[in-house]
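Okay, here's the prediction I keep looking at, along with the sequence it came from:
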Amino acid sequence: MQAEIAFPDKLDHKEFILRASSESATGQERKDEWAFSFDRVFDPCSTKAEVFKEISLLAQSCVDGYNVCIFAYGQTGSGNLFTMEGGSTETNAGMIPRAVEEVFKVAE
C-alpha cells in the first residue's frame, strides 16, 4: 500500500487530499482519494508561531466570555503533545503557554 498527502490549497490552506493505492486479493490495483476541508490546515513544516498567529484571536473571545477550545488531532507520536505544550524555550513554547500568556495580556 502506498499513501500520499497533498496540500493543494496554497492560498487559504483549508484543504488537504489523501491518496492511496493498494492491490486487492485478486491482484487488481485499487486507487482511492479523499479530500478534507477545514477552517485551516497547517502543513508539517509550519512553526508554532504560525499556528499561534492563527488562533491568537481566541484569547480575546475567551476574555469576552465565550467558551474556547483548541485541540490538536493526529496519529500517536506525530507531535500533538509537543504542539500543545511545547518545549522549554520561548521559540518552542506550545499553544497552551502562548494562549495563557495572551489571555492575560488581553485581560489587562
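Yep, that arrived.

Which residues are in contact with Trp34?
For Trp34, the contacting residues are Ile17, Leu18, by C-beta atoms under 8 Å, 6 or more residues apart in numbering. Using the backbone N, CA and C atoms, a C-beta is placed for each residue, glycine as well.

tell me which residues in the helix or strand where Arg98 lies are buried?
Element membership for Arg98, per DSSP states H and E: helix 95-107. When neighbours are counted by 16 or more other C-beta atoms under 10 Å, the buried residues of helix 95-107 are found to be Met95, Arg98, Ala99, Glu102, Val103.

for stretch 5-20, same thing?
For stretch 5-20, by 16+ other C-beta under 10 Å, it's His13, Phe16.

how close does the nearest residue to Phe71 once chain neighbours are set aside sit to Asp12?
In space, and not counting its chain neighbours, Phe71 is closest to Met84: 7.8 Å by C-beta to C-beta, 6 or more residues apart in numbering. Met84 is 24 Å from Asp12, where distance means C-beta to C-beta, to the nearest Å.

now the most centrally placed residue in the chain: how far from Thr26?
Among the residues of the chain, the one closest to the centroid is Phe42, at 5.0 Å (C-alpha atoms, centre = their mean). Phe42 is 39 Å from Thr26, where distance means C-beta to C-beta.

quick one, phi psi at the residue nearest to Phe71?
phi -80, psi -40 (degrees, to the nearest 10).

again, but for Thr89
Taking degrees, to the nearest 10 as the convention, Thr89 sits at phi -100, psi 160.

Next up, the contacts around the residue nearest to Phe71.
Residues near Met84 by C-beta under 8 Å, 6+ apart: Ile70, Phe71, Ala72, Gly94, Met95, Ile96.

For this protein, which segments count as strands?
2-6, 15-23, 29-37 (DSSP state E).

one step back: how far away is the residue nearest to Phe71 from Ser56?
Distance check for Met84 against Ser56: by C-beta to C-beta, it reads 15 Å.
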